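> pasting the structure only:
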């Protein structure tokens, strides 16, 4: 017994009662592939599950354990000794294997089991705390029909039991500060399970037996309704509306955190990231949702962060988090949707599917979220969300790898190994599926990025790839965004605007799409429209890209708000000091404000980044509209003249760029 406040006697009668704590062995068991089984045969699965839970309960009692909870397809129990808990786990798996032996593979009911030794809080005959949470996380790491244990269990039992152990690494688990060292455990071939320990087990209170019986009855009647619920799960600390960095939008707002790769193989990181990014893309197409962009949510990748903090920093009500485990031709996904303002879990599910079902699974998860948030889909949105990039799994895999490489590119244009690797992956994806529109769209941007290496042909390669993407799939927002950018590069402003507008019409939550359209409108001398759109992009992506901030500064510059423009461009420069357009605009602004020394300093920065830069190149890559009939501000000429006055050299030693 631990007293948290006061002495427990003779103190303030209003003080809270001291909490009871104990060290115990916790067993947590859950069905693998429950959703698939019930989807194929709901009634048969419930009957089988009920019988299997009875068998597990009998084993727990046999090995001196106490069943604390049934929750849908899961069981929580505790034991006085680690040995009893681990022997019980092995006995359960041995028994269930025998029960499953004559069943076809797709009808076997297999459990995963996690076992942990830890301190827990005891309250009303329930247990709570990290000890329980770790056991639940260990269960998710186990193979179907397998057992996963913590380092504390492994240390406690040593070599006393006829089990063999395989270290599966240090695992990052939700709400636990330090990584958990985990082991897979199984009975040695030919070994016989030891008998339960002879220590008598204390009588369990009758009211708790009745509660467990009632829970089991509820399980048989309606397991499908409560299959996701875990009553022992800790509620999240609610977010504060007063501390929100932004006001909540007038429609359901959600941030999808990067799904954690629990495959034990860092090489599978790209797959978990790709799943997350595709889910964000699917949700952003729904006009009734406000979805934070990928670049902002991925700033939390690899960090132990509270849901409350995410919600307050991004200004959203809901947070989705999950994990992905890829093993051979199977994929396991855990996901849960949390209302950050209450700390409550709205929806949670575990999926265990063939990798070939991955596209249907993505649709199912998006659909569950939409249903949980009670969002009504507008006409055509269901079809748009369900539209897949490709049906070719190998091509999709190369595409995900390509996007992972693309995210690793450096901030400086020129030779960039990550971009070259991305290009190779997109080309392989296209080889496997010549109709893969998204791969063409991303291939387009790699050609644009590598123009210093590829030379003059890069421009046409990029344009042709973007055109091909749109021709293959006119409903793909990414394709229209890329083509819009390529039209701008050709200084065909009206076509560029049309493509960018088409992109955000198809995907109303596409942050990059809004930023691209804002940039094109700025270059088209329509900054009043551009500034509205870039601010919308920045709200969808609160951890903003330097380029968004540059576009904002450019809008202010064109609107004649010089001080606001300088402030924004300086902020962009802080985020990425190697983006030469930022320095070019600052140089021109300083010249127009007669701040010549600062203007020359910006030119020096440009030449640091690109030693061969010149007024000749600045003219080539100044995309301001230059139609004498429309350009009443003569912005193109003013900009080039400002660069000249700031000291930019007239000629370049190389015009390759």
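On my side now, so go ahead. Please read all numbers here as calculations on a predicted model, not as lab measurements. Numbering: from 1, shown residues only.

> Only C-alpha atoms from now on, for both contacts and neighbour counts.
Fine.

> so where's the stretch 251-400 of the chain uncertain?
Filtered on pLDDT under 70, the stretch 251-400 of the chain yields the residue ranges 264, 384-386.

> Do a quick rundown of the strands in it.
Assigned by DSSP state E, counting those that start in this stretch, the strands in the stretch 251-400 of the chain fall at 253-256, 260-261, 290-291, 318-327, 330-339, 344-354.

> Single out the most deeply packed of those.
Per residue and on average, the most neighbours among those fall to strand 290-291, with a mean of 26 (mean count of other Cα atoms under 10 Å).

> helices and strands around that one, which ones?
In terms of contacts (3 or more Cα pairs under 8 Å, 6 or more residues apart in numbering; DSSP states H and E), strand 290-291 is packed against strand 253-256, helix 269-284.

> Export these to a markdown table and append columns for distance to residue 92.
Compiled in a markdown table, these are given as follows (distance: least, Cα to Cα, whole Å):
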| stretch | distance to residue 92 |
| --- | --- |
| strand 253-256 | 36 |
| helix 269-284 | 32 |
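
> winner for burial among these?
Of all those, strand 253-256 has the most neighbours on average by mean count of other Cα under 10 Å, namely a mean of 24.

> Between the helices and strands packed on strand 290-291, which one is closest to residue 329.
Nearest of the helices and strands packed on strand 290-291 to residue 329, taken as Cα to Cα: helix 269-284 at 13.2 Å.

> and of the helices and strands packed on strand 290-291, who's closest to residue 168?
Using Cα to Cα, the nearest of these to residue 168 is helix 269-284, at 16.5 Å.

> What are the structural domain limits within this structure?
Following automatic domain parsing, the chain resolves into domains at 20-226, 253-386.

> Which of the strands of the stretch 251-400 of the chain sits closest to residue 65?
Of all these, strand 344-354 comes closest under Cα to Cα, at 26.4 Å.

> For residue 341, find the nearest of the helices and strands packed on strand 290-291.
Once those are compared by Cα to Cα, strand 253-256 is nearest, at 11.6 Å.

> Just list what that closest one packs against, helices and strands only.
strand 290-291, helix 294-297, strand 318-327.

> Tell me which of the helices and strands packed on strand 290-291 sits nearest to residue 344.
strand 253-256 (14.4 Å).

> Hmm, residue 478 is touching residue 503, no?
Yes - the pair residue 478 / residue 503 is scored as a contact, 6.7 Å apart, by Cα atoms under 8 Å.

> follow-up on the earlier one: distance to residue 548 added to the helices and strands packed on strand 253-256, as TSV?
Listed next are the helices and strands packed on strand 253-256 as TSV, based on distance: least, Cα to Cα, whole Å:
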stretch	distance to residue 548
strand 290-291	17
helix 294-297	12
strand 318-327	24
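
> Residue 484: which of those is closest?
Short answer: helix 294-297, nearest of the helices and strands packed on strand 253-256 by Cα to Cα, at 21.0 Å.

> And that closest one, how far out from the chain middle?
8 Å (Cα atoms, centre = their mean, to the nearest Å).

> in that helix, what counts as buried?
For helix 294-297, a neighbour-count test (16 or more other Cα atoms under 10 Å) marks 294-297 as buried.

> in the stretch 101-250 of the chain, which spans are strands?
111-123, 126-128, 147-150, 163-171, 180-187.

> wait, which of those is closest to residue 255?
strand 163-171 (23.7 Å).

> which strands and helices sit next to the closest one?
Against strand 163-171 (3+ Cα pairs under 8 Å, 6+ apart) you get strand 180-187.

> Contacts made by the strand it packs on with the rest, please.
Residues outside strand 180-187 that contact it (Cα atoms under 8 Å, 6 or more residues apart in numbering) are 90, 134, 138, 142, 146-151, 154, 162-173.

> Can you say which of those residues are buried?
90, 134, 138, 142, 146-150, 154, 163, 165, 171-173.

> which one of the buried residues of helix 294-297 is nearest residue 255?
Closest approach to residue 255 among those (Cα to Cα): residue 297, at 6.6 Å.

> of the buried ones among the contacts of strand 180-187, closest to residue 403?
For the buried ones among the contacts of strand 180-187, the nearest to residue 403 is residue 172 (24.2 Å; Cα to Cα).

> which neighbours do residue 478 and residue 503 share?
residue 513.

> before we move on, the earlier item: what's the closest of the helices and strands packed on strand 290-291 to residue 97?
Comparing the helices and strands packed on strand 290-291 by Cα to Cα, helix 269-284 comes nearest, at 30.8 Å.

> ok, and what's touching the closest one?
256-261, 289-294, 323-325, 362, 366, 385-386, 397, 400-401, 403-404, 507-510.
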